[in-house]
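> The sequence and its predicted three-dimensional model are supplied below.
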Amino acid sequence: MNKHVVWISRPFFPDIVDRLRPHFEVRAETEELKFGSADLAKHLAGADAAIVGLAERIDAAAIAGASRLRFVANLGVGYNNLDLDALTAAGIGASNTPDVLTETVADYAWALMLAAARRVGEAERWLRDGQWRGSRFEGWLGADVHGKTIGILGMGRIGQAVARRAAGFRAQVLYHNRSRLPAEVERECAATYVDKATLLGRSDHLILVLPYTAQNHHAIGEAELKAMKPTATLVNIARGGIVDDAALARALATGEIAAAGIDVFEGEPSVHPGLLERDNIVLSPHIASASRDTRRDMAALAVDNVLAAFGHGPHAGQPPTILNPGVLADAS
Ligand code: 8YV
């Protein structure tokens with residue numbers, strides 16, 4: 001019997017890919033490519049399973065000719081690149097990579113917050129540029145993080161992990177979320193629920209950790225930036241499109257807020273030129289989950305899901321992080 005085919009759109013850890021080989025014919029890309037819609041549709045049409053990254057938009061058009069496709073594993077916890085309704089309607093299972101990246105992404109939110117508040121990137125560029133000729137007592141004044149008010153917009157698993165880190169900094173945590181957390185979770189995170197306007201007005205450092213949805217498009221735009229303190233820092237480790245990047249560039253230029261740390265962008269990998277011009281922003285190329293351990297864990301979880309969807313491995317028949325469990329017919 002011919003083996004099922006799995007297409008892997010992004011190169012990753014060969015030893016983890018090897019776990020698929022006893023059961024699948026593996027078609028793994030060996031370099032980072034940008035797939036046009038025709039190419040993407042062609043790869044999916046030849047596959048029974050696919051492991052894809054966030055740049056691959058898997059919608060009704062992409063799967064229209066994919067009559068063999070039974071499962072798509074997304075390399076990320078956010079899955080706004082998948083049209084889950086279209087996949088479910090076509091009977092195709094889908095999975096994401098929750099939990100394994102929570103703590104790593106929370107670490108990175110703090111890294112960006114600290115770097116932006118204390119002007120690390122800006123100072124490093126200045127030093128490398130050979131401009132350090134003497135000390136300036138009043139130079140490089142940034143904002144403290146310890147003892148300040150940290151605001152978290154979006155209080156799921158990652159938001160809660162960001163909140164837990166505040167204790168060591170003796171910082172106060174305010175949060176806003178679609179729904180208020182149970183009292184014991186609020187206690188464990190030492191976080192106080194407030195409405196969005198209060199969050200914007202009172203946060204010294206505001207961290208965005210909400211999923212990208214149509215409702216969350218430009219959740220932080222011109223009006224919200226104006227509502228923040230002029231000394232505030234904004235951090236986005238969630239998704240491009242949650243912040244209006246043009247409005248952010250203006251707010252950083254006019255001093256409406258003091259600084260930003262941004263890992264995700266509208267239309268990435270392009271970055272709004274107004275952001276690139278600013279010194280009071282720390283920019284990174286969507287790397288919040290990129291620790292050696294966590295990227296391996298994410299890849300392994302995607303592989304586990306595919307193996308399980310086809311009746312193999314320790315979770316046979318039950319992909320551990322399937323998003324649409326209702327569709328899973330016996331694909332083995
Ligand atoms: C990406 C992320 O998946 O998990 C998410 O939602 O945004 C990241 O972890 C990662 O950059 C791999 O593409």
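Yes, it's here. Numbering: from 1, shown residues only.
> Nearest to the ligand within the stretch 1-150 of the chain, name that residue for me.
Closest contact between the stretch 1-150 of the chain and the ligand, by CB to the nearest ligand atom, is at residue 76 (2.5 Å). C-beta coordinates here come from the backbone N, C-alpha and C atoms, glycine included.
> what's the answer for the stretch 151-300 of the chain, then?
Taking CB to the nearest ligand atom, the stretch 151-300 of the chain has residue 289 as its residue nearest the ligand, at 3.3 Å.
> Please give me every residue in contact with that residue.
Applying CB atoms under 8 Å, 6 or more residues apart in numbering, we find residue 289 in contact with 76-77, 101, 104-105, 108, 295, 298.
> pLDDT wise, what is it at?
Reported pLDDT at residue 289 in the predicted model: 98.
> Just give the nearest non-adjacent residue to it, would you?
Setting aside the residues directly before and after it, residue 289 is nearest to residue 101 in space (CB to CB, 6 or more residues apart in numbering), at 4.2 Å.
> So which bits of the helix ranked longest in the chain are buried?
In the chain, with assignment by DSSP state H, the single longest helix is helix 292-309. By neighbour count on 16 or more other CB atoms under 10 Å, the buried set for helix 292-309 is 294-295, 297-309.
> host element of the residue nearest the centre of the chain?
With distances taken as CA atoms, centre = their mean, residue 238 lies nearest the centre of the chain, 4.5 Å away. Applying DSSP states H and E as the criterion places residue 238 outside every helix and strand.
> rewinding a little: ok, and which of the buried residues of helix 292-309 reach the ligand?
Among these, not one lies near the ligand by CB under 6 Å from any ligand atom.
> contacting residues around the residue lying closest to residue 251 once chain neighbours are set aside?
Distances taken as CB to CB, 6+ apart put residue 225 closest to residue 251, at 4.0 Å, once the chain neighbours are dropped. Residues in contact with residue 225, defined by CB under 8 Å, 6+ apart, are 234, 247-248, 250-251, 256-257.
> what do you get if the cut-off is 6 Å, keeping everything else the same?
Residue 225 makes contacts with 247, 251, 256-257, as judged by CB atoms under 6 Å, 6 or more residues apart in numbering.
> So which bits of stretch 235-243 are buried?
For stretch 235-243, the neighbour count (16+ other CB under 10 Å) marks 235-243 as buried.
> Dump these to CSV, plus distance to the ligand and pLDDT.
Output for the buried residues of stretch 235-243, formatted as CSV (distance: CB to the nearest ligand atom, whole Å; pLDDT from 0 to 100):
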residue, distance to the ligand, pLDDT
235, 14, 99
236, 11, 98
237, 8, 98
238, 8, 98
239, 7, 98
240, 10, 98
241, 12, 98
242, 12, 98
243, 15, 98
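> Tell me the one of the residues you listed nearest residue 181?
Proximity of the buried residues of stretch 235-243 to residue 181 was ranked by CB to CB; the top entry is residue 238 with 17.6 Å.
> how about low-confidence regions in the protein?
Low-confidence segments of the chain, defined by pLDDT under 70: 329-332.
> And it, what are its domain boundaries?
The chain resolves into domains spanning 4-100+292-327, 102-283 when parsed by automatic domain parsing.
> following the helix or strand harbouring the residue nearest to residue 251, which helix or strand shows up next?
Assigned by DSSP H and E, residue 225 falls within helix 222-227. Note on helix 222-227: by DSSP H and E, the next helix or strand toward the C-terminus is strand 233-236.
> which stretches of the stretch 1-150 of the chain form helices?
Per DSSP state H, counting those that start in this stretch, the stretch 1-150 of the chain carries helices over the ranges 14-17, 37-45, 60-63, 84-89, 102-117, 120-128.
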